[in-house]
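Peer 1: All I have is the shape, not the residue letters:
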C-alpha cells in the first residue's frame, strides 16, 4: 500500500520549477497482472507532481532536459539531479532524484525514480510505501486538471511541455505500466484508463469507488485483452464513462454506495454497454462474475 505525505499532496512540478496538486489520500499497492486486474487508487497520484518544466540541473550543475519522445525522465544519469517545484499554495520546494529503477518486459521504457522534497530543513520522500520507506514514481508527459466536481476536472492535457510524476500504485502510474504511454501514441487510452480506474463516471474529477476494489480493464488497442471471467461494467472515453451496463452492478453501487451526479440523466445504462469500442470508447471496465 502506498501512502502519501500530506505535506506534499498538492505539489506541482516544473523542471527547474515544479507544479501539481492531487487530493490527499491513500492509494493501494499496485497489483497489475497481464489481464489488467488492478486495485483502484482513487487519487490521480500518490503525491501528484505535475507541470514539471523541461530543465533541471545534474549533480555537476550542468543543465539537463526532459525527453519529448519517450518517458520525460529516463536513465541512471539523472540520479542526484536537482529540480525545483511549486506547491499548490504558491511556495516553492527543491526536488532531488535519489535512485532509479528500470521497468522490465514491455516496460523497459518506463524508468521509476525515488524523489525527495526539501522542506523544514530536511529532505523527505515524495512517495512512501506502507512501512513509511521511500517509494518510486513514474514520469509521464502532460498534466492533469486536479479539480473535482467541475467541468474539466480530472482531464488530461498531453499536449504540453510540462510533465507529471506519479507515485507507483496511483491510477496514473498503473495505467502507464499497463502500456498506455503517450510516447507510444496512447495518450487517449491513458486519459480513459485514469478515468476508469478512479471510477470518474461523470468526467468531472469525482471518484465513485474505494481503494482496494478490483476492476479488470481491456482496451481498443489490444494492449490489455478481454477476460471472459469478468463481466462489463462501463465503457470509457478520455472524458469519462460513455455508458454503464444495466446487466451488472457498478462500482458506485457495489463499493462507493453513492450515485454519480450525472446518472441517469447524462450517464445512461444499457445492456449492450461494453460490447464494442464505438463513439470514442478507449477502455472497457469489467467486474468479477457473481
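Peer 2: Thanks, I have the structure now. Here the structure is a predicted model, which means the values were calculated and not measured. Residues are numbered from 1 along each chain as shown.

Peer 1: Direction included, what does the strand or helix carrying residue 137 pair up with?
Peer 2: Assigned by DSSP states H and E, residue 137 falls within strand 136-141. Partners of strand 136-141 in the sheet, by DSSP bridges, are strand 111-119 (antiparallel), strand 163-167 (antiparallel).

Peer 1: Which of these comes out lowest on mean pLDDT?
Peer 2: For the strands paired with strand 136-141, the weakest mean pLDDT is recorded on strand 163-167, namely a mean of 85.

Peer 1: Would you mind listing the buried residues in that one?
Peer 2: Going by neighbour count (16 or more other CB atoms under 10 Å), the buried part of strand 163-167 is 163-167. In this view, the C-beta of every residue, glycine as well, is placed from N, C-alpha and C.

Peer 1: Of those, which is the nearest to residue 260?
Peer 2: residue 166 (24.3 Å; CB to CB).

Peer 1: Thought residue 115 was touching residue 124, still the case?
Peer 2: No: counting by CB atoms under 8 Å, residue 124 does not reach residue 115; the two are 10.2 Å apart.

Peer 1: Those two: which has the busier surroundings?
Peer 2: residue 115 (29 against 15; other CB atoms under 10 Å).

Peer 1: The more buried one pairs with what?
Peer 2: What pairs with residue 115, by the bridge criterion (DSSP bridges), is residue 97.

Peer 1: Also residue 124?
Peer 2: The partner residues for residue 124, given DSSP bridges, come to residue 117.

Peer 1: So for it, what's the pLDDT?
Peer 2: On the pLDDT scale, residue 124 gets 88.

Peer 1: what do you get for the one 4 residues further on?
Peer 2: Reading off the per-residue confidence, residue 128 sits at a pLDDT of 85.

Peer 1: Most distant residue from the centre of this protein?
Peer 2: Most distant residue from the mean C-alpha position of the chain: residue 60, 31.9 Å away (CA atoms, centre = their mean).
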